[in-house]
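K.L.:
structure for the following, please:
(one chain, ligands or ions: 1)
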Amino acid sequence: MKILITGFEPFGGETVNPSWEAAQLLAGQQVQGASLVVAQLPCVFAKSLDALAAAIQLHQPRAVIALGQADGRSDFSIERVAINVCDARIPDNEGAQPIDEPVIAQGPAAYFSSLPIKKMAMHLKAKGHPAAISQTAGTFVCNQVFYGLQHLLCNTPVLSGFVHVPLLPSQVAARGGPSLASMSSETLAQALLCAIEVLVQHLQSDERDIKWGMGANH
Ligand code: PCA
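P.N.:
Numbers count the residues shown, from 1 in each chain. All right, here's what the predicted structure looks like:
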């Protein structure tokens, strides 16, 4: 069983992105029999969904967790819902700044995460990691990827969703000003392993249900 973890390239003039730093630390690790594979996504509206689809095609994962940097958030934000809107506050890495555009024309207004978000948040908190369910992934490239991911996989048994992570200490230091919460890439990776553990257990119990003809997805 493979789990695909995606992270983003740096954007907005930064030189690192915590989502990719953490993803790289997870590459090749095993979690209760599941292998973690990773892919980096461009922070470019016109390219991110093609890169995501190519990684899914290549790895054929049983679940996908897309990660992104969330400036100013102090906890793991396990996103509940992706909306069909791109409304960019800043230009992407190729200068595009869509305003009030759909991610997928004619797509539904929103998709929910199909990850066990409450179980993941509870387990993270139980292990001492700050975590919360977030009700918005914004309207920039992260939300676009989250929406595109759910759209691509909505009629498949592959579970998927999005988690925003806090900044790295170096990013906070470079900003100066009042201290923002930050987490090292090692802490991020450790916490993500806890969340993935819960996901794998969830998938395994799902598979037992399917085998016994119960077929429940949640
Ligand atoms: N964060 C941005 C896009 C890439 C990233 O890491 C966002 O929250 O939309």
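
K.L.:
which residues touch stretch 109-121?
P.N.:
Applying Cβ atoms under 8 Å, 6 or more residues apart in numbering, the contact partners of stretch 109-121 are 63, 65, 76, 78-84, 131-133, 146-147, 150-151, 153-154, 159-162, 195, 198-199, 202, 217-218. C-beta: built from backbone N, CA, C; applies to glycine.

K.L.:
what is the end-to-end distance of it?
P.N.:
End-to-end distance for stretch 109-121: 25 Å, by Cα to Cα, to the nearest Å.

K.L.:
give the buried residues for that stretch.
P.N.:
111, 113-117, 119-121 (16 or more other Cβ atoms under 10 Å).

K.L.:
nearest to the ligand, of the residues you listed?
P.N.:
Each of the buried residues of stretch 109-121 was scored against the ligand by Cβ to the nearest ligand atom, and S113 proved nearest at 15.3 Å.

K.L.:
next, give phi and psi for the residue sitting nearest the centre point of the chain.
P.N.:
Centroid check for the chain by Cα atoms, centre = their mean gives A66 as the closest residue, at 2.4 Å. Backbone geometry at A66, expressed as degrees, to the nearest 10, gives phi -90, psi 140.

K.L.:
OK, contacts around it?
P.N.:
So, once contact is read as Cβ under 8 Å, 6+ apart, A66 ends up touching 5-6, 41, 52, 142, 145-146, 149, 160-163.

K.L.:
distance of it relative to E197?
P.N.:
18 Å (Cβ to Cβ, to the nearest Å).

K.L.:
what is the neighbour count of G176?
P.N.:
Around G176 there are 7 other residues, counting by other Cβ atoms under 10 Å.

K.L.:
re the thing from before, what subset of the contacts of stretch 109-121 is buried?
P.N.:
Applying 16+ other Cβ under 10 Å to the contacts of stretch 109-121 flags 63, 65, 76, 78-84, 131, 146-147, 150-151, 153, 159-162, 195, 198-199, 202 as buried.

K.L.:
from those, which land in strands?
P.N.:
63, 65, 76, 78-79, 81-83, 131, 159-162 (DSSP state E).

K.L.:
okay, these in JSON lines with pLDDT and distance to the ligand next?
P.N.:
Output for those, formatted as JSON lines (pLDDT from 0 to 100; distance: Cβ to the nearest ligand atom, whole Å):
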{"residue": "A63", "pLDDT": "98", "distance to the ligand": "20"}
{"residue": "I65", "pLDDT": "99", "distance to the ligand": "14"}
{"residue": "F76", "pLDDT": "96", "distance to the ligand": "14"}
{"residue": "I78", "pLDDT": "98", "distance to the ligand": "14"}
{"residue": "E79", "pLDDT": "98", "distance to the ligand": "10"}
{"residue": "V81", "pLDDT": "98", "distance to the ligand": "14"}
{"residue": "A82", "pLDDT": "98", "distance to the ligand": "11"}
{"residue": "I83", "pLDDT": "98", "distance to the ligand": "12"}
{"residue": "A131", "pLDDT": "97", "distance to the ligand": "17"}
{"residue": "L159", "pLDDT": "98", "distance to the ligand": "21"}
{"residue": "S160", "pLDDT": "98", "distance to the ligand": "17"}
{"residue": "G161", "pLDDT": "98", "distance to the ligand": "14"}
{"residue": "F162", "pLDDT": "99", "distance to the ligand": "9"}
